[in-house]
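> Quick one: sequence and predicted model below, then my questions.
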Amino acid sequence: MSQNWGPVLATGGGLLFAGGTNDRLFRAFDAKSGQILWEIPMSSGVTGVPVSFEVDGKQFIAVQSGWGVDSARMQGRLNLLFPGRYPDVPQGGAVWVFALK
């Protein structure tokens, strides 16, 4: 795992959503306990801000997956200090949307 290069979204329903690590996982946490409720591998790292929105009474979480230049360069510098410790993350960009139950 790496440092967290991404932001966190907190919802009024007691959930936290975060990505930003080089393992490319986007996670949902219980805000009180910190327990991971679910995680999903993304096509790239998550450095975009997750957002919450509602359509017809259903809540959605959207997030952009795309390891950017800044995070890639900072991780490259860390690899100079700790060779091989932080794996490369594919570049690219996609918007992922998740429906909450």
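Now that the structure is in, tell me what you want to look at. Numbers count the residues shown, from 1 in each chain.

> Spit out the contact partners of residue 15.
By Cβ atoms under 8 Å, 6 or more residues apart in numbering, the residues touching residue 15 are 28, 29, 30, 31, 37, 100. All C-beta spots, glycine's among them, are computed from the backbone N, C-alpha and C.

> Distance to residue 18, pLDDT and neighbour count for those - can I get that in TSV?
Shown next, in TSV, are these (distance: Cβ to Cβ, whole Å; pLDDT from 0 to 100; neighbours: other Cβ atoms under 10 Å):
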residue	distance to residue 18	pLDDT	neighbour count
28	8	96	21
29	7	96	19
30	12	97	12
31	11	95	14
37	12	97	12
100	15	91	13
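
> So which of the residues you listed is the closest to residue 64?
Nearest to residue 64 among these: residue 28, at 16.6 Å, using Cβ to Cβ.

> end-to-end on stretch 50-61?
In stretch 50-61, first residue to last residue: 7 Å (Cα to Cα, to the nearest Å).

> Can you list the neighbours in contact with that stretch?
7-9, 11, 13, 17-19, 26, 62-63, 97-100.

> same question, stretch 89-101
Against stretch 89-101 from outside (Cβ under 8 Å, 6+ apart): 13, 15, 22, 24, 26, 40, 42-45, 58-67, 71-72, 75.
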